[in-house]
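*Asks:* Pasted the sequence and its predicted model underneath.
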Amino acid sequence: MEGSITLKVKVRTFPSKGRARVHESVLPMIGAKEGEALVLAQYPTAWDQKTKTVAVTGYGDPMVDKSVIMISPEDMAALGVAEGDTISVIRKVTWTEQISGAAAKAGGAVKEGATKAGKAIGKGAKDVAGKVTPKKGDKEL
């Protein structure tokens with residue numbers, strides 16, 4: 001999955017369920033900002049509906065090693081990993097982003113369809129106009 005990185009699990013010194021500490025340079029690498037939700041999964045990850053994941057809030061910390069993610073023992077247990085295991089980390093895409101992305105895609109499809117329909121109607125109208133409009137030398141209707 002795009003924006004996915006792998007990090008080694010380390011137990012947080014001060015446990016706090018639902019929070020993760022990563023090096024401050026990691027958040028921009030996955031397109032996340034301070035305090036945004038991250039999705040964690042065992043590595044290797046298929047990223048399908050059967051993938052067991054845990055959502056946490058990500059915080060940047062210059063004191064954390066760049067290859068490590070620090071999470072609570074509760075989050076480790078929920079994910080089924082131990083300290084030192086490798087996990088995949090991505091930024092959680094919000095419902096609003098999913099909906100607006102789908103709406104933009106649908107809008108593009110509607111615009112494309114409308115353009116094709118407009119061209120077909122224009123061609124048909126021109127064809128009908130040519131058949132109905134009298135030519136030079138023809139009698140007026």
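*Replies:* Perfect, thanks for sending it. Residues are numbered from 1 along each chain as shown.

*Asks:* chain center to stretch 30-41: distance?
*Replies:* Centroid separation between stretch 30-41 and its chain, computed with C-alpha atoms, centre = their mean, to the nearest Å, is 12 Å.

*Asks:* how far away is the residue positioned nearest the centre of the chain from residue 109?
*Replies:* The residue lying closest to the centre of the chain (C-alpha atoms, centre = their mean) is residue 93, at 5.0 Å. To residue 109, residue 93 is 21 Å away according to C-beta to C-beta, to the nearest Å. Quick note: C-beta positions are derived from backbone N, CA and C, even for glycine.

*Asks:* Same question for residue 31.
*Replies:* Distance from residue 31 to residue 109, by C-beta to C-beta: 26 Å.

*Asks:* now residue 99
*Replies:* Separation of residue 99 from residue 109 (C-beta to C-beta) stands at 16 Å.

*Asks:* Could you do residue 52 as well?
*Replies:* From residue 52 over to residue 109 (counting by C-beta to C-beta), the distance is 34 Å.

*Asks:* any low-confidence regions in the chain?
*Replies:* For the chain, applying pLDDT under 70 flags the ranges 1-2, 94-98, 100-104, 106, 130, 132-141.

*Asks:* Strands of that one, start to end?
*Replies:* In the chain, the strands defined using DSSP state E lie at 5-11, 19-22, 37-42, 53-60, 68-71, 86-91.

*Asks:* what about residue 85, how many neighbours?
*Replies:* Number of residues near residue 85 (other C-beta atoms under 10 Å) recorded here: 15.

*Asks:* Does it touch residue 11 like I think?
*Replies:* No: at 11.4 Å, residue 85 and residue 11 do not qualify as touching, with contact defined as C-beta atoms under 8 Å.

*Asks:* what touches both of those two?
*Replies:* Counting by C-beta atoms under 8 Å, 6 or more residues apart in numbering, residue 85 and residue 11 have no shared contacts at all.
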